[in-house]
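Colleague: Need a 3D model of the following:
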Amino acid sequence: MSIKRVAIIGCGIGRSHIVEGYLPHPDKFEVAVLCDLNEARLAEVADEFGIIGRTTSFAEVLADDSIDIVDICTPPGIHLEQVVAALQAGKHVICEKPLTGSLSGVDEIMRVEKTARGVLMPIFQYRYGDGVEKAKRIIEAGIAGKPYVGSVETFWLRTPAYYAVPWRGKWATELGGVLVTHALHLHDMLLHLMGPAKRVFGRVATRVNDIEVEDCASASLQMENGAFVSLSCTLGSQQEISRLRLHFENVTFESNHEAYSPGKDPWTILAANDEVQRRIDAVIGDWQPVAPRFTTQMAHFHAHLEGKGPLPVSTEDARRALELVTAIYQSSDSGQDIALPVGPDSPKYADWRARTR
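Modeller: As a prediction, this is how the structure comes out:
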């Protein structure tokens, strides 16, 4: 097993990647370089973890042949250019959400991937944890049966102090609001468990904060499998909750309500009858605990790089989540139901701010 040398670009959420993603796996990763334009924060985080490599130059990182993985944790507005540059430099790339700010941007990244030596893994850490992974195993085993309906609630709180950070709350730099920066995680969990959406009707509004982007949203989805799902999001909840509830023919799943780790146990898994419960026990009775969030996602990424498992999150996964965002924006703008897939003929394909005619 080879130890992969990592350069982290951006020490904000990048610090969480160190704590949860890399320190638990000293046999798999070495954080060799930190890169941040804020030299005080760069020194603080590097000193905290004893990281010797420090730079304010992204180009310097890309030119370093000793770096295997470039982990991009910068503000969303520059993800596209940095991902493309890192892939073209031959690096493996990890990128925080949102991968970019439009479907055209995702498709550009996918074109670059086709000839890149490295592999790109977008971050969707909420997929990992005992609760969500048990649900995934039960569904894939065919036990859950026909999907009926679901509800997904992202009820978080963001005040003016949060938006005092200059790049937040602006289309050009944050790329979107609650749909893009906050609810994207839970919506990816929905798609991960229930498959892609087929039709979308949505509304967005800015009701909580004095910002450019939306901080409230709701949507009604028809999934490809026929199920109906409702999405609700706000950044004005006095109790922060992330909640996923999915009703199938034989099983109802409900996540824990922890805002930032809904994949962890305890999940409620309600069987329709004793026979279904026996089948569930048969597939999860030997369950081994799974570390949540970045810890497991990074472990799976290393296994993939070693040829020992699939890529845990792909660009196609990121596109599917951003396609849902695009459809909600387009529906809210037009007042119409939007059919998926969303392609270049959509007025929102290249720019979510473009008006729908």
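
Colleague: Now do the strands in this protein.
Modeller: 4-9, 29-35, 53-55, 69-72, 92-95, 120-122, 147-157, 197-205, 216-223, 228-234, 236-248, 251-254, 268-271, 338-339 (DSSP state E).

Colleague: any chance of those in CSV, plus mean pLDDT, distance to residue 105 and mean neighbour count?
Modeller: C-betas here are computed from N, CA, C, even on glycine. CSV is the format used below for those (pLDDT from 0 to 100; distance: least, C-beta to C-beta, whole Å; neighbours: other C-beta atoms under 10 Å):
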stretch, mean pLDDT, distance to residue 105, mean neighbour count
strand 4-9, 98, 18, 24
strand 29-35, 98, 22, 23
strand 53-55, 98, 26, 17
strand 69-72, 98, 14, 28
strand 92-95, 98, 12, 25
strand 120-122, 98, 12, 27
strand 147-157, 98, 23, 19
strand 197-205, 98, 20, 19
strand 216-223, 98, 21, 20
strand 228-234, 98, 22, 20
strand 236-248, 98, 26, 17
strand 251-254, 98, 33, 20
strand 268-271, 98, 38, 15
strand 338-339, 98, 19, 18
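
Colleague: Using JSON lines, lay out those strands together with distance to residue 104.
Modeller: Formatted as JSON lines, the strands of the chain follow (distance: least, C-beta to C-beta, whole Å):
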{"stretch": "strand 4-9", "distance to residue 104": "23"}
{"stretch": "strand 29-35", "distance to residue 104": "27"}
{"stretch": "strand 53-55", "distance to residue 104": "31"}
{"stretch": "strand 69-72", "distance to residue 104": "19"}
{"stretch": "strand 92-95", "distance to residue 104": "17"}
{"stretch": "strand 120-122", "distance to residue 104": "16"}
{"stretch": "strand 147-157", "distance to residue 104": "26"}
{"stretch": "strand 197-205", "distance to residue 104": "19"}
{"stretch": "strand 216-223", "distance to residue 104": "22"}
{"stretch": "strand 228-234", "distance to residue 104": "24"}
{"stretch": "strand 236-248", "distance to residue 104": "29"}
{"stretch": "strand 251-254", "distance to residue 104": "35"}
{"stretch": "strand 268-271", "distance to residue 104": "40"}
{"stretch": "strand 338-339", "distance to residue 104": "17"}
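
Colleague: which residues are contacting stretch 308-323?
Modeller: 97-100, 102-103, 106-107, 109-110, 113, 119-124, 127, 184, 187-188, 191-192, 196, 297, 300-301, 303-304, 340-342 (C-beta atoms under 8 Å, 6 or more residues apart in numbering).
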